[in-house]
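> Give the three-dimensional model of this entry:
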Amino acid sequence: MRKSFPRALVAAVFAGAVGLGAIGFAPSAAAAPSIYEPSITPCSHLFKAPFEFNRPDASAYWSPFGTGDIVCYDAGFGVSYYQRDPSGQWHAMNQLIPGNYFINIFGYGHLPA
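Presented below is the predicted three-dimensional model:
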């Protein structure tokens, strides 16, 4: 029994390794996309003008362009907010005080995608 036990153990380990190797090479049922595309959705409804009192659930947004054309940009590591001005430039929105967002004066020609 002493000599056959190591042989049985080696055979079991080898069979397990071959089985796991076959699983690794098997094609997956649902392949995930190889390139992550960010989620961009309109979200002007989350913001209000600084002196607008009738919407307590919305954050105040200090911008000369009002609260129109704001989008939520989710690239997988957190949501960022951007606003498009009338000339077509995108401006990042920065939260310096909780509940108050301020416009970044430097604009971008496109969203960071």
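> Can you show me the strands along the protein?
39-42, 47-48, 59-62, 70-74, 79-84, 90-97, 100-108 (DSSP state E).
> Can you tell me what sits against the fourth one?
Spelled out, that is strand 70-74. Strand 70-74 is contacted by residues 38-44, 46-47, 61, 79-84, 93, 111-112 when judged by Cβ atoms under 8 Å, 6 or more residues apart in numbering. C-beta coordinates here come from the backbone N, C-alpha and C atoms, glycine included.
> Out of the strands of the chain, which one sits most buried?
strand 47-48 (a mean of 20; mean count of other Cβ atoms under 10 Å).
> Output the contacting helices and strands for that one.
strand 59-62 (3 or more Cβ pairs under 8 Å, 6 or more residues apart in numbering; DSSP states H and E).
> Quick one: mean pLDDT over the strand it packs on.
If you average the pLDDT over strand 59-62, you get 96.
> For that strand, give me every contacting residue.
Counting by Cβ under 8 Å, 6+ apart, 46-50, 52, 67, 70, 83, 93, 95, 99-103 sit against strand 59-62.
> same deal with stretch 104-113?
By Cβ under 8 Å, 6+ apart, the residues outside stretch 104-113 that reach it are 38, 40, 71, 73, 75, 82, 85, 87-94.
> Pro38 - nearest residue in space that isn't next to it in sequence?
Ala75 (4.2 Å; Cβ to Cβ, 6 or more residues apart in numbering).
> okay, now that neighbour: neighbour count?
Ala75: 15 surrounding residues under other Cβ atoms under 10 Å.
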